[in-house]
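Visitor: Give me coordinates for this.
(2 chains)
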Amino acid sequence: MKHLKHVASATALGVGALLLAPQEGQGWNLLGHSLGTNQRSVRMFDNFTNNAANNNVTEEANFPGYTGAELAFWKGCVEWGSGPHGDGTSSDTQANIGDGGANFDPSWQGNATAVGGPNDNIASEISGSDGGTFAFAESSSAGWRIRFYQAWNWADGPVGIGGNQTDIQGIGCHEYGHALGMAHSGTGAATMAASTFPGAINTRSIHSDDSAGIQALYGSVNPIVKPLISDVSLVDQEVTITGANFDDEDLEVWFTQKGIGGNGTPVKVGGVSSSAGGTVIEVTIPLLGGKGDILVKNPGPAAGNNLSNAWPFNGEGPDPTTPFVQLITPSQWPVLSAGNDMYVTIQGASLSAISSITVDGIALSGFPLQWNVVDDTELQMTVPVLENLTELGSVDLVLTNALGSTTVPVEIVAPSSPVLRLGEGNDPEGMNSFTPHVLRMGGEPGNVVFLWVSGSDLPTPVPGLFDLDIGNFATNLFYMGSFVIEPKGWATAQYQFSGLPFLTTIYWQGIEYDVLTPTFPVPETNVATGFWSF
Amino acid sequence: MKIKANLLLAALALGLAGTGAHSQILELDLSGMVSRTENAVYAEIVDRKLFRIDHPIDGPELYFTTLTLRGESLYDGTSITTKVTFPGGYDPETGEGVWNSEAPIPDDIRIGNRIVAFYKWIDNMGGDVQGNVLYAAHGGLFRTTTSPSGTVVLGRGEGYAIGTNVKLENLRSQIAQARQIKKQ
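Guide: Residues are numbered from 1 along each chain as shown, chains lettered A, B, ... in the order given. Okay, here's the model as predicted:
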């Protein structure tokens, strides 16, 4: 798919160049692709080998948390942003950083731990040279990778650079222009002009020709539509974002990741509301949020006019902790389920890096996965078969991450209606001649389950007594016995068949009879389905 | 008609610029290019191969293209068959490759094209790949066309070693002059 996009991109180049012919006096050109809001992340793998690439150790108010090559490249990228980054000032030679004026804003995501693939949105150095190329970008709508050739004397500025040095910020700005879809410009003074020379820093600041190009590609900013951040303040862990055009609800606030690594996806806090007529957002810094940028995304299409400008943010989420559980839904868990649905939701904090979960000493499986992390504050899980259980009641739920474990008691109760689980709970469950077929029948302890098997899923109604969904009016129905439900909430039966035809489907069902207070018709379990493999 | 012709020319020029390489390369004039390279050829592209390197340090999915060129040296007039390599490339038959901003566009490197290419030996053009590198990638390759008055080399514009269209014979002379300066 990636390659098709490349072809499309290449084809679109020629067509695009014809359709998007610049007006007189303009030289910009487009590559034929653009980056959706899911491709706005920018990371750097800082493997620069030249000392001058990382000798600027002074942080800047508008670029908190980063110095050296990262700071230089970050500036080069946000120069393409829709408006001033913070108040637009910096310690370098530019009057303003953030001159694109288009519905395009990058999301700085800090450091990567490796070069990454062609679509991972990471900039890094590459060894060697081809003699005359400073850097290059591999780009498509699926993402990009930028490489700076090691042979050059890369420098991080921030003010000027030596005549024999090459400017990470300026050439990074040019390459990021390619990443977002700009081709070379015929305007010699443009950042997107094809060639430059050592010592030059003029491409740090995009030219009006570059701005015209990115506005043609992403659309010009509409000041009454695009979310706009004009200030961010921080008290303890509470962030107040001030601006305009924030929707009332379902907003996302994007943070830069704390630390290094990640997958390039911004750390997002979803479901956020605004107040004061769409001008104020209050949100708590997520655990994984760090210094860098904040962006706000309105609900709706993944379009650049739904994503705000990037505003500097100088805060960090609280230090990681062991998993914290705030709420478990449902609070009581049926001891047995027919299948493996992840019906339990756990909400809290530090839930994104869980390494294991156990319930009453039974570990949830990593494959097939029996839990799913929604985000750092929420995960969903299934309840395994609690083989260690002897009676219903409280058991330990233990969640573990790299920093330790958290134990929470949970209440295990009888199922609210009779349950039949075949084997691992798959629907259908594979069966064969060599493995015993385990059936678990869940219900109130002391009740009796009468179990049937059939090759037919046509019903067998017995008015007033029970109403089976299998058996074809008792013409294809085999009684397998009765079983008393144990104090732990289920009974177990085990069978071993052989010689059935390949892919025969077998249906199981039971009815649960209340010995102490009989009720009629007797409630039946779900139908458990197996298919014969060999 | 004149307006239409101008529009067509502008569109073609845009097409060339738009589909050109997308990197930032060293600004070079012809003497600068000659001083930095070991040879230049006027040659036909007789073969083209794409290969991939997954390098433990330089990273995964590094694509390179090698062109086999058969023609004559513009430095000494000898017949020559040589291979030149550049980072990037895409094989439409296999679907393999990557859109590399510095690579020449597919139209530039069709088999059968007659081109002028500048190159030099490089021990590492990334991923520990060594060989004759197409110098400055797209900036080292120029298409040619034939006219009643002879072969014309198509210039790429300001900042490139051959900025404007030039007759091959004139280019040969200019290269010879540049080599003289280089020797001095």
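
Visitor: contacts, neighbours, all on C-alpha from now
Guide: Noted.

Visitor: Quick check: residue B:178 is in a strand.
Guide: No: with DSSP: H, G, I helix; E, B strand; the rest coil as the criterion, residue B:178 is assigned helix and is not in a strand.

Visitor: Let me know the pLDDT of residue 11.
Guide: In the absence of a named chain, this looks at chain A. As predicted, residue A:11 sits at a pLDDT of 30.

Visitor: Hmm, no, I was thinking of chain B.
Guide: For residue B:11, the predicted pLDDT is 34.

Visitor: as a whole number, average confidence for stretch A:506-522?
Guide: Mean pLDDT, computed over stretch A:506-522, is 94.

Visitor: ok, and for that stretch, which residues are buried?
Guide: Neighbour counts using 16 or more other Cα atoms under 10 Å in any protein chain shown place A:506, A:507, A:508, A:509, A:510, A:511, A:512, A:513, A:514, A:522 of stretch A:506-522 among the buried residues.

Visitor: Likewise for stretch A:284-296?
Guide: Here stretch A:284-296 shows A:285, A:286, A:287, A:288, A:289, A:290, A:291, A:292, A:293, A:294, A:295, A:296 as buried, counting by 16+ other Cα under 10 Å.

Visitor: Please apply the same query to stretch A:143-150.
Guide: For stretch A:143-150, using 16+ other Cα under 10 Å, the buried residues are A:143, A:144, A:145, A:146, A:147, A:148, A:149, A:150.

Visitor: same deal with stretch A:78-93?
Guide: Buried, per 16+ other Cα under 10 Å, within stretch A:78-93: A:78-90, A:93.

Visitor: tell me the pLDDT at residue A:21?
Guide: For residue A:21, the model assigns a pLDDT of 41.

Visitor: circling back to that earlier point, any chance of the buried residues of stretch A:78-93 in CSV, with secondary structure and pLDDT too?
Guide: Shown next, in CSV, are those (DSSP: H, G, I helix; E, B strand; the rest coil; pLDDT from 0 to 100):
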residue, secondary structure, pLDDT
A:78, helix, 98
A:79, coil, 98
A:80, coil, 98
A:81, coil, 98
A:82, coil, 98
A:83, coil, 97
A:84, coil, 97
A:85, coil, 98
A:86, coil, 97
A:87, coil, 96
A:88, coil, 96
A:89, coil, 94
A:90, coil, 92
A:93, coil, 82
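
Visitor: Make CSV from these and add distance to chain B to it.
Guide: Formatted as CSV, the buried residues of stretch A:78-93 follow (distance: Cα to the nearest Cα, whole Å):
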residue, distance to chain B
A:78, 19
A:79, 17
A:80, 17
A:81, 20
A:82, 23
A:83, 25
A:84, 25
A:85, 25
A:86, 28
A:87, 29
A:88, 26
A:89, 26
A:90, 24
A:93, 21
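
Visitor: State the pair within those that is farthest apart.
Guide: A:82 and A:93 (19.6 Å; Cα to Cα).

Visitor: tally of neighbours for whatever residue of the stretch 151-300 of chain A ends up closest to chain B?
Guide: Residue nearest to chain B within the stretch 151-300 of chain A (Cα to the nearest Cα): residue A:195, separated by 4.8 Å. By the criterion of other Cα atoms under 10 Å in any protein chain shown, residue A:195 has 22 neighbours.

Visitor: ok, residue A:222 - contacts?
Guide: residue A:305 (Cα atoms under 8 Å, 6 or more residues apart in numbering or on different chains).

Visitor: Need phi/psi at it.
Guide: Main-chain dihedrals, residue A:222, degrees, to the nearest 10: phi -100, psi 110.

Visitor: Residue B:139 now?
Guide: Per degrees, to the nearest 10, the backbone of residue B:139 is at phi -70, psi -10.

Visitor: thought it was touching residue B:161?
Guide: Yes: the pair residue B:139 / residue B:161 is scored as a contact, 7.4 Å apart, by Cα atoms under 8 Å.

Visitor: More neighbours: those two, which one.
Guide: residue B:139 (31 against 23).

Visitor: pLDDT value on the nearest residue to residue B:164 once chain neighbours are set aside, please?
Guide: Excluding the flanking residues, the one nearest residue B:164 by Cα to Cα, 6 or more residues apart in numbering or on different chains is residue B:155, at 4.0 Å. Reading off the confidence values, residue B:155 has pLDDT 94.

Visitor: and if you look at residue A:131?
Guide: Predicted confidence (pLDDT) for residue A:131: 88.

Visitor: what about it, helix or strand, and which?
Guide: Counting by DSSP states H and E, no helix or strand carries residue A:131.

Visitor: Looks like it contacts residue B:135 (just checking).
Guide: Yes: because the distance of 5.7 Å satisfies Cα under 8 Å, residue A:131 is recorded as touching residue B:135.

Visitor: So which of the buried residues of stretch A:284-296 are in strands?
Guide: Members of the buried residues of stretch A:284-296 lying in strands (criterion: DSSP state E): A:289, A:290, A:291, A:292, A:293, A:294, A:295, A:296.

Visitor: for those, which one is nearest residue A:47?
Guide: residue A:292 (20.1 Å).

Visitor: tell me which residues form a beta bridge with the closest one?
Guide: residue A:313 (DSSP bridges).

Visitor: what about the residue lying closest to residue A:496 once chain neighbours are set aside, neighbour count?
Guide: Nearest residue to residue A:496, sequence neighbours excluded (Cα to Cα, 6+ apart): residue A:436, at 4.7 Å. Residue A:436 sits with 14 neighbouring residues when counted by other Cα under 10 Å.

Visitor: hmm, back to that, so between residue A:131 and residue B:135, which is more surrounded?
Guide: Neighbours were counted for residue A:131 and for residue B:135 using other Cα under 10 Å; residue B:135 has more, 29 against 24.

Visitor: Show the backbone phi and psi for that one.
Guide: Per degrees, to the nearest 10, the backbone of residue B:135 is at phi -60, psi 130.

Visitor: right, and it touches residue B:122 too?
Guide: No: between residue B:135 and residue B:122 there is no contact under Cα under 8 Å: 9.5 Å.

Visitor: And the spatially most central residue of chain B, what's its pLDDT?
Guide: Centroid-nearest residue in chain B, with Cα atoms, centre = their mean: residue B:141, separated by 1.4 Å. At residue B:141, the predicted lDDT confidence score is 97.

Visitor: Stretch A:445-457: which residues count as buried?
Guide: Buried positions in stretch A:445-457, judged by neighbour count with 16+ other Cα under 10 Å: A:445-457.

Visitor: residues making contact with that stretch?
Guide: Under Cα under 8 Å, 6+ apart, the answer for stretch A:445-457 is A:414, A:441, A:469-472, A:476-490, A:504-515.

Visitor: How far off centre is that stretch?
Guide: Put simply, stretch A:445-457 sits 43 Å off its chain's centre (Cα atoms, centre = their mean, to the nearest Å).

Visitor: Equivalent analysis for stretch A:212-226, please.
Guide: So, by Cα atoms, centre = their mean, the centroid of stretch A:212-226 is 28 Å from its chain's centroid.

Visitor: where do the helices sit along the stretch 151-300 of chain A?
Guide: With helices called from DSSP state H, counting those that start in this stretch, the stretch 151-300 of chain A shows them at A:168-179, A:208-218.

Visitor: could those helices be laid out in CSV, adding mean pLDDT?
Guide: Listed next are these as CSV, based on pLDDT from 0 to 100:
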stretch, mean pLDDT
helix A:168-179, 97
helix A:208-218, 97
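
Visitor: Of those helices, give the one that comes closest to residue B:146.
Guide: Nearest to residue B:146, of all those, is helix A:168-179, at 33.2 Å by Cα to Cα.

Visitor: how much does that closest one deviate in direction from helix A:208-218?
Guide: Helix A:168-179 runs at 40 degrees relative to helix A:208-218, counting by axes from the mean of the first three to the mean of the last three Cα atoms, to 10 degrees.
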